[in-house]
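A.B. asks: here is a sequence together with a model predicted from it:
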Amino acid sequence: MTNRSEALGREHRVRLPAGEVRYWARGSGTPVVFIHGVLTNAELWRKVVPDVAAAGFRCLAPDLPLGSHDLPMRADADLSPVGHADVIADFLDALDLRDVTLVANDTGGALTQILLSRRPERVGRVVLTPSDCFEYFFPPIFKALPPLARIPGSMAVLGQLLRIRALYPLPVLFGRVVKRPLPDAVAQAYLSPLRKSAEVRRDLRKLLRAVHPRYTLAAAEALRGFDRPVLLAWATEDRLFPIRLAHRLAALLPDARLVEVADCYTFLSEDQPAVLARHVVEFAGAMAD
């Protein structure tokens, strides 16, 4: 079982219809739930959670079944994009979280958009950092992943390739999501579960085989009626999700505000954690008043 940073708080587990999920909680107050993307986990938020918790919020960061989780889901779990959105909604339900601020990144942003189009009842407000949306599910450089996942044995081969540290800075791995190199311990926390567990590979394969822009395009249409506040905190230099996507989302959503963040790529939580934490605190606090 891979350890997570103490900065995330105490580890807990919750049983959901799809399976058991680990999550970390720190602080008290209105809940802020952090949603990561493919081949990352709760560790993505280790630099952001302390500041948000210190400002008077209850921060919860789950390990979702997106390929870097240690607890495999049930063999019959629906882990399509819609199924994953339901995992997030079921997490909120199981912990009876209300008036939640969701903070999402990358694939997690797409899943959050799908959730908002289906089960938004517990969500009070949303912070979307650079994320899949519209026809970018996945972005062009990762379009080969869904067909690759349909090839028998491909996930096992992928897991073994991820042993090669020389690949980490390449665009197909971390090169376009972080502007500065990831600490090796963090990279291993993301990549080792896929290498070690056939069940984790099965869970990821279920999602990858089903990824298609029809999900995010349908969610975007539904979000025209989502009237709760949304903050789009987007990297001006993002190379996966160009900032024009954030402008499209801002024009679509009834109550959205865009802030541009400089000197970072997709993972704002890695490149500009203090800036992101400040935006989350100011937005969640103002909207909750």
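C.D. replies: Okay, I see it.

A.B. asks: show the pLDDT at the most centrally placed residue in the chain.
C.D. replies: Geometric centre of the chain, nearest residue: His36, 2.1 Å, by Cα atoms, centre = their mean. Taken from the predicted model, the pLDDT recorded for His36 is 98.

A.B. asks: how much space between it and Pro273?
C.D. replies: In this structure, His36 and Pro273 are 14 Å apart, going by Cβ to Cβ, to the nearest Å. C-beta coordinates here come from the backbone N, C-alpha and C atoms, glycine included.

A.B. asks: what's the answer for Glu135, then?
C.D. replies: From Glu135 over to Pro273 the distance is 29 Å, taken as Cβ to Cβ.

A.B. asks: of these two, who's got more company?
C.D. replies: Between Glu135 and Pro273, Pro273 has the larger neighbour count (other Cβ atoms under 10 Å), namely 19 against 13.

A.B. asks: and that one, what does it touch?
C.D. replies: Shown in contact with Pro273 (Cβ atoms under 8 Å, 6 or more residues apart in numbering): 47-48, 51.

A.B. asks: can I get those in TSV with neighbour count?
C.D. replies: As requested, these are exported to TSV (neighbours: other Cβ atoms under 10 Å):
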residue	neighbour count
Lys47	20
Val48	28
Asp51	18
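
A.B. asks: with respect to Ser269, which of the residues you listed is nearest?
C.D. replies: Nearest to Ser269 out of those is Val48 (Cβ to Cβ; 5.0 Å).

A.B. asks: the closest one and Val32, how far apart?
C.D. replies: Noted for Val48: a distance of 9 Å to Val32, by Cβ to Cβ.

A.B. asks: list residues touching both of the two?
C.D. replies: Joint contacts of Val48 and Val32 (Cβ under 8 Å, 6+ apart) are 103, 280.

A.B. asks: all strands for the stretch 101-250 of the chain, in order.
C.D. replies: 123-131, 230-235 (DSSP state E, counting those that start in this stretch).

A.B. asks: just give me the neighbour total for Ala89.
C.D. replies: The burial count for Ala89: 21, using other Cβ under 10 Å.

A.B. asks: can I take it that it is in a helix?
C.D. replies: Yes - remark: Ala89 belongs to a helix, assigned using DSSP: H, G, I helix; E, B strand; the rest coil.
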